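# sequence first, predicted model second:
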Amino acid sequence: MKYTVTLQSLPTNLEELKALPQASLKNPEDTVALTVAALCVYPKDKDASIEMLNYLRGPRPISPMENQFIRDRFMDGRDYIPFSYFKGATPENGYTPDVPYVIEVSDSASQMADTGYKKFDLKSGGADSMRNVTLRLKPSTGEWFLWDQMLLGQIRIPVSQDPWA
């Protein structure tokens, strides 16, 4: 099944993220979209991004190793990667998404056998293969929390940065 989530604006801090209608985390696709939005903040404000990601992770905060992994993905100027998941973002336009920000999320073909977990696929405008996000349900609250994300792998560089373009 495919879901479409529309964000009128991207949050820049945890308070703005919590103010969004998707922040109830009751719909798993909303948690996925907010994960992408939180990663978009990282290049400008690492602390705010991590604070948002920790909110999305619920009772399981980001470990020092995961924090280092995220930091490493952004070290060489690949700030555009999270934006590539929004509609309209392509290498040709420097991964500038359409506004409002629309993201399409699909149930993964490789669903996890464990109950309480759900895997979603996302299409990047700069990659040929789907990338995924895994969520975990907290049954006592009905909230879907971020368990794992594979969104920061390399993609095609923007045409404006490509010496071979």
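That came through, no problem.
# what about Leu152, how many neighbours?
For Leu152, the count of nearby residues is 17 (other CB atoms under 10 Å). (Each C-beta comes from the backbone N, C-alpha and C, glycine too.)
# ok, which stretches of this protein are strands?
2-7, 101-107, 117-122, 131-138, 143-149 (DSSP state E).
# direction included, what does the third one pair against?
If you go by DSSP bridges, strand 117-122 pairs up with strand 101-107 (antiparallel), strand 131-138 (antiparallel).
# equivalent analysis for the last one, please.
When pairing is defined by DSSP bridges, strand 143-149 lines up against strand 131-138 (antiparallel).
# buried ones in the strand it pairs with?
By 16 or more other CB atoms under 10 Å, the buried positions in strand 131-138 come out as Arg131, Asn132, Val133, Thr134, Leu135, Arg136, Leu137.
# give me the residues contacting it.
Residues external to strand 131-138 that are found in contact with it (CB atoms under 8 Å, 6 or more residues apart in numbering): 28, 31-32, 35, 58-59, 85, 105, 108, 112, 116-124, 143-151, 153.
# and that strand, average pLDDT?
Taken as a whole, strand 131-138 has an average pLDDT of 96.
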